[in-house]
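In: here's my sequence, what's the structure:
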Amino acid sequence: MIYEKARQLCSDEDKKIKLIMCDEVLEKIVKIIDKDMRSYKILDKINELVYDTDIEIKAATISLLTRIVDLFPDEVKYN
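Out: Below you'll find the predicted structure:
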């Protein structure tokens, strides 16, 4: 499935790939998969990107989160 490839790319060593994932790809994927998949398949990778050592990747991920936060159930948003 496409989300599995996206999960792999979120862990890519190439900074440009991670930035593309945050700026262009993950938001689209989150919008097309169901809520359970969002919470259990993608959110952990987004969390991984938030804690990346590169400040640009962190900033891009936080920007992503502000765009997609409303797509997650309340129990995920407030935990």
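In: next SSE downstream of the longest helix seen in the chain?
Out: Criterion DSSP state H: the longest helix present in the chain is helix 55-68. Once helix 55-68 ends, the next helix or strand along the chain (criterion: DSSP states H and E) is helix 74-77.
In: quick one: residues in contact with that next one.
Out: Identification of contacts with helix 74-77 by C-beta atoms under 8 Å, 6 or more residues apart in numbering yields 38-39, 43, 69. Using the backbone N, CA and C atoms, a C-beta is placed for each residue, glycine as well.
In: okay, the residues you listed in TSV with secondary structure next?
Out: Shown next, in TSV, are the contacts of helix 74-77 (DSSP: H, G, I helix; E, B strand; the rest coil):
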residue	secondary structure
Arg38	helix
Ser39	helix
Leu43	helix
Val69	helix
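In: pick out whichever of the residues you listed sits closest to Asp23.
Out: Val69 (16.5 Å; C-beta to C-beta).
In: run a quick neighbour tally on that closest one.
Out: Val69: 10 surrounding residues under other C-beta atoms under 10 Å.
In: do the same with the one 3 residues further on
Out: As a burial measure, the neighbour count of Phe72 was computed by other C-beta under 10 Å and equals 17.
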